[in-house]
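**Q** Build me a model from this:
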Amino acid sequence: MNERRIKREGSSDYDLQNDSFFAYSKGVKYKSSIDIDGIILDIGEDDSITGVEILDASKKFGISKYDVQHCRTLNVQIDISAKVIDLKITMNVGKRNAEVLRETAASTINILNLPAGSESLAVGM
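**A** Numbering: from 1, shown residues only. The predicted structure is shown next:
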């Protein structure tokens, strides 16, 4: 099986009012999106993951909106097989001069027939 590995660095934005956290990379044109339990993956024309939107981010990570605003890093790991897409997202938040790690995960069926492999997106603030 030919598996690919893609690592990208990206930028981010947080919409406090709607509690939506965005992480995205540049350079690949958008083609479509897939919603995995309130985590939206943007797919590029090359079938790679170009962005992630996390709806209700504070609830998904079990922290306050204030803490989400103080995100230091976000790491998204995407593992794709012929049948399933698995996500693991780790957020590092600055809180009272300490770092707090929070994780969330989700899975869905690979209905878009994305190529098997691993991809990651890292965002630093």
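**Q** quick one: the strands in the chain?
**A** For the chain, the strands defined by DSSP state E occupy 4-15, 20-24, 30-36, 39-44, 49-54, 71-80, 84-95, 98-109, 117-124.
**Q** hey, which of these is tucked in deepest?
**A** Comparing those by mean neighbour count (mean count of other C-beta atoms under 10 Å), strand 49-54 comes out on top with a mean of 23. To be clear about C-beta, it is placed using only N, CA and C from the backbone, and glycine gets the same treatment.
**Q** so what does that one touch, helix or strand wise?
**A** Helices and strands touching strand 49-54, by 3 or more C-beta pairs under 8 Å, 6 or more residues apart in numbering; DSSP states H and E, are strand 4-15, strand 20-24, strand 39-44, strand 71-80, strand 117-124.
**Q** re earlier: the strands of the chain: lowest mean pLDDT?
**A** With a mean of 83, strand 4-15 has the lowest mean pLDDT of the strands of the chain.
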